[in-house]
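**Q** below are the sequence and a predicted model for it; my questions follow.
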Amino acid sequence: MKQGTQGSAATGDAVTGPAAAGRFRVPAQPAGSDACRERDRRDRPERAGGDAVRGEHTHGEPALPRPRPVVQRSSVRGQVLGALRTALVTGDLRPGEVYSAPVLAERFGVSATPVREAMQQLTLEGAVEVVPNRGFRVVERSARELAELAEIRALIEAPVMMRLARTVSVERWAELRPLAEATVRAASSGCRATYAEADRAFHRAVLELAGNEQLVRIAEDLHRRAQWPPVGSGPGARGRVELVADAHEHTALLDALIAGDPDVVRSLVEEHFDGAV
């Protein structure tokens with residue numbers, strides 16, 4: 001991809017560096033996965049009233065195909081943010097590469113503004129960093145960083161789960177069965193993004209039983225960061241077998257919680273977070 005015109009250093013709104021625009025798809029999913037193709041269809045935001053990339057010059061960058069409008073204009077920013085998060089999980093936004101708001105906007109068929117806003121949110125989350133006059137670079141994350149995130153998650157979530165195991169009724173645990181089973185179905189699809197969403201939903205539902213909103217918010221932020229693949233991993237870095245094994249730990253944990261077996265719960269919780277990387 002060729003470098004474009006000068007932009008704002010504060011917002012990183014000029015054109016990309018080495019990323020290959022013609023190769024980029026958001027959110028691209030493994031071939032043959034109906035769940036991923038459906039996710040791709042849902043995540044494409046609507047063209048914002050004909051003002052796409054107005055005033056943004058790309059100096060000969062290859063044009064990207066515009067997706068079919070599927071959402072309302074008011075939700076464009078949220079849809080772009082969701083699609084970019086999906087691309088981080090799948091590895092389609094590649095660590096170390098630079099992406100510009102205008103080129104991504106052309107891909108989505110929207111103006112550059114909601115793309116910049118979404119990228120700024122990802123900057124706050126530590127996923128990307130501003131590259132003055134070029135765009136946003138995807139942060140390169142090591143396996144050690146993912147291991148550290150897994151350790152922090154274990155320190156926060158494991159004690160809460162052990163406390164909940166002693167205080168939450170069997171009926172309340174049973175209500176989480178559909179979410180646990182949903183993670184297995186998502187894992188079976190082989191779609192990393194679909195599984196990531198189901199995985200967070202199950203953990204969030206468990207932690208919500210503690211009644212601490214700040215805990216849920218912090219834990220989900222850590223969980224989301226832990227789902228981004230490390231440097232050197234391409235799209236779909238975790239295979240179907242690994243995803244399914246991880247998902248079955250959810251159902252096994254829920255079985256132990258319903259059975260009221262604290263020793264098994266402790267063992268499963270430790271195993272689950274040890275395998276989180």
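**A** Arrived safely.
**Q** how about the helices in the chain?
**A** Residue ranges of the helices in the chain, as given by DSSP state H, are 34-43, 76-90, 101-108, 112-124, 143-167, 170-174, 177-188, 192-208, 213-226, 240-259, 262-274.
**Q** out of those helices, flag the one nearest Arg137.
**A** With CB to CB, the closest approach to Arg137 among the helices of the chain belongs to helix 112-124: 10.1 Å. Placement of C-beta: from N, CA and C, glycine included.
**Q** sorry, back to before: now the helices of the chain as CSV including mean pLDDT?
**A** Shown next, in CSV, are the helices of the chain (pLDDT from 0 to 100):
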stretch, mean pLDDT
helix 34-43, 52
helix 76-90, 89
helix 101-108, 89
helix 112-124, 93
helix 143-167, 91
helix 170-174, 95
helix 177-188, 95
helix 192-208, 94
helix 213-226, 93
helix 240-259, 91
helix 262-274, 87
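**Q** just these: most buried one?
**A** Comparing the helices of the chain by mean neighbour count (mean count of other CB atoms under 10 Å), helix 101-108 comes out on top with a mean of 27.
**Q** that one to helix 76-90, inter-axis angle?
**A** Helix 101-108 and helix 76-90 are oriented at 90 degrees to each other (axes from the mean of the first three to the mean of the last three CA atoms, to 10 degrees).
**Q** against which helices or strands is helix 101-108 packed?
**A** Contacts defined by 3 or more CB pairs under 8 Å, 6 or more residues apart in numbering; DSSP states H and E place helix 101-108 against helix 76-90, helix 112-124, strand 135-138.
**Q** closest to Phe136 out of the helices of the chain?
**A** Phe136 lies closest to helix 112-124 among the helices of the chain, at 4.8 Å (CB to CB).
**Q** so which elements touch that closest one?
**A** Against helix 112-124 (3+ CB pairs under 8 Å, 6+ apart) you get helix 76-90, helix 101-108, strand 128-131, strand 135-138.
**Q** so can I have a markdown table of the ones you listed showing distance to Leu207?
**A** As requested, these are arranged in a markdown table below (distance: least, CB to CB, whole Å):
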| stretch | distance to Leu207 |
| --- | --- |
| helix 76-90 | 20 |
| helix 101-108 | 33 |
| strand 128-131 | 27 |
| strand 135-138 | 28 |
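**Q** go through the ones you listed and name the closest to Ala201.
**A** Between Ala201 and the helices and strands packed on helix 112-124, the shortest separation by CB to CB is 14.1 Å, and it involves helix 76-90.
**Q** elements contacting the closest one?
**A** Contacts defined by 3+ CB pairs under 8 Å, 6+ apart place helix 76-90 against helix 34-43, helix 101-108, helix 112-124, helix 192-208.
**Q** got the angle for it vs helix 192-208?
**A** With the same axes, to 10 degrees applied, the angle from helix 76-90 to helix 192-208 works out at 100 degrees.
**Q** only alpha carbons, please: show helix 76-90 as CSV.
**A** Listed in CSV are the C-alpha atoms of helix 76-90, where the atom choice follows Å, rounded to 0.1, in the frame of the first residue of the first chain:
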residue,chain,number,x,y,z
VAL,A,76,-21.9,2.9,12.2
ARG,A,77,-19.3,3.7,14.8
GLY,A,78,-20.2,0.7,16.9
GLN,A,79,-20.3,-1.6,13.9
VAL,A,80,-16.9,-0.4,12.8
LEU,A,81,-15.5,-0.8,16.3
GLY,A,82,-16.9,-4.3,16.5
ALA,A,83,-15.5,-5.3,13.0
LEU,A,84,-12.1,-4.0,13.9
ARG,A,85,-12.1,-5.9,17.2
THR,A,86,-13.1,-9.0,15.2
ALA,A,87,-10.1,-8.4,12.9
LEU,A,88,-7.8,-8.2,15.9
VAL,A,89,-9.0,-11.5,17.2
THR,A,90,-8.7,-13.3,13.8
